[in-house]
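# Pasting the sequence and the predicted model now:
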Amino acid sequence: MVRIEQNVILKDYTTLQVGGPAEYFAVVTSEKELDEAVGHAQQEGLAVTVLGGGSNMLVSDEGVDGLVVKMDINPELVQEAGEGTVLVTAGAGMEFDDLVARSVQQGLWGLENLSHIPGSVGATPVQNVGAYGVEVKDVITHVRVYDTLARKFEVFTASECQFGYRDSFFKTPEGKHYVIVSVTYRLCQDPLPKLIYKDLAALFEGTKPALSEIRDAVIEIRSKKFPNWKTVGTAGSFFKNPIILREQFVKLQEQYPEMPYYEVDATRVKIPLAWILDKVLYLKGEGTTKVGQYAGQALVLINKGAATATEIAEHANSLTAKVKEKTGIDVQWEVTKIGF
């Protein structure tokens, strides 16, 4: 039977190392325990908040009312081979980078560019996690979910997940009562390197890198730009790279001719926010004594050891205000606020 605790401090369960107490707290290791926990919440009239690896959230200093469910469903990987592909199903509680490492060890292509990203498997569809030219929507076939209102399990296809840039159906009001239990990825047995990201393209130009070489390269690149989330308070990239209309970009380019961009479609372009923070606002590595931008990547906020969630939120809001004032660009958080 699932164990329900009271007043559990959540800072120990988030990579930003902040967060007050959960009114009630349960670690679930199976679908049965998940259903029991949700049933208890319904019986007691408690709201349910789901916690995965805690890597992409800012939890209030006041804590979270209701029941916080820590997903630790981590069964053995299930693999189904097809012609040149393998379907790999992983439990939501598995650390995502462990899954990437195992897929590389087994010679399966598709996740290697996503190496060294913090968080759990269950969080990857919610955020449509992506890096270095790859997003999980490119390889997810379906996800198994639990409907906390109807208390039943369902399967969502990739199209039903409604993936967008760091977005999905599960971030909408209608989707928030679904809990991801497992994720199935379609990986390739044949070499399929994706080297469009400039650092990878330059490193491997004219060569045919092995799967392990790509993973090692991505880890090296990320290690220079991102702190180790296991020792430093961080949520990785705190903000989304803004997508703006081409007309707005053309006007900005008159003022900042060196501003880089990436084509999205005929009418929109994506701007690297780190470039604006670094080259326009000169904020790379800046901050207060408690919270600031990481020296290796301005898009990353770090808790220097004594920051509160409120102080982190205030610092993040000050950055978005400065970007808006200087460029007219509205910046969105990639990190989700909990309990605010």
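Cool, the structure landed.

# next one: the biggest helix by length in the chain to chain centre, how far?
Selection of the longest helix in the chain by residue count, based on DSSP state H, yields helix 309-327. Centroid separation between helix 309-327 and its chain, computed with Cα atoms, centre = their mean, to the nearest Å, is 20 Å.

# what helices or strands is it leaning on?
strand 57-59, strand 291-294, strand 297-303 (3 or more Cβ pairs under 8 Å, 6 or more residues apart in numbering; DSSP states H and E). All C-beta spots, glycine's among them, are computed from the backbone N, C-alpha and C.

# Mind giving me the packing neighbours of the last one?
Contact partners of strand 297-303 among helices and strands, from 3+ Cβ pairs under 8 Å, 6+ apart: strand 233-237, helix 273-275, strand 291-294, helix 309-327.

# These: which one's closest to Pro257?
Among those, the nearest to Pro257 by Cβ to Cβ is helix 273-275 (12.6 Å).

# circling back to that earlier point, mean pLDDT, mean neighbour count and distance to Tyr261 added to the helices and strands packed on strand 297-303, as CSV?
As requested, the helices and strands packed on strand 297-303 are exported to CSV (pLDDT from 0 to 100; neighbours: other Cβ atoms under 10 Å; distance: least, Cβ to Cβ, whole Å):
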stretch, mean pLDDT, mean neighbour count, distance to Tyr261
strand 233-237, 88, 24, 18
helix 273-275, 93, 21, 9
strand 291-294, 88, 22, 21
helix 309-327, 95, 17, 13
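
# and of those, who's closest to Val134?
Per Cβ to Cβ, nearest to Val134 of these: strand 233-237, 14.9 Å.

# longest strand of this protein?
With secondary structure taken from DSSP state E, the chain has its longest strand at strand 178-188.

# Could you point out the helix or strand that follows it?
helix 198-203 (DSSP states H and E).

# Any regions of this protein where pLDDT drops low?
Within the chain, the stretches with pLDDT under 70 are 75-76.

# got the contact list for the residue nearest to Pro191 when sequence neighbours are not counted?
The spatial neighbour of Pro191 that comes closest, neighbours along the chain excluded (Cβ to Cβ, 6 or more residues apart in numbering), is Trp109 at 6.4 Å. Going by Cβ atoms under 8 Å, 6 or more residues apart in numbering, Trp109 touches Leu187, Cys188, Gln189, Asp190, Pro191, Leu192, Pro193, Leu211.

# for the fifth one, phi and psi?
This means Pro191. phi -50, psi 130 (degrees, to the nearest 10).

# what do you get for the one 4 residues further on?
The phi/psi pair for Leu195 (degrees, to the nearest 10) reads phi -120, psi 30.

# does it really touch Phe204, like I thought?
Yes - taking contacts as Cβ atoms under 8 Å, Leu195 lies within contact range of Phe204: 5.6 Å.

# Please identify which of the two sits among more neighbours.
Leu195 (19 against 15; other Cβ atoms under 10 Å).

# Distance-wise, check that one relative to Ala202.
9 Å (Cβ to Cβ, to the nearest Å).

# next one: Arg222
Arg222 is 16 Å from Ala202, where distance means Cβ to Cβ.

# Also Ile9?
In terms of Cβ to Cβ, Ile9 sits 45 Å off from Ala202.
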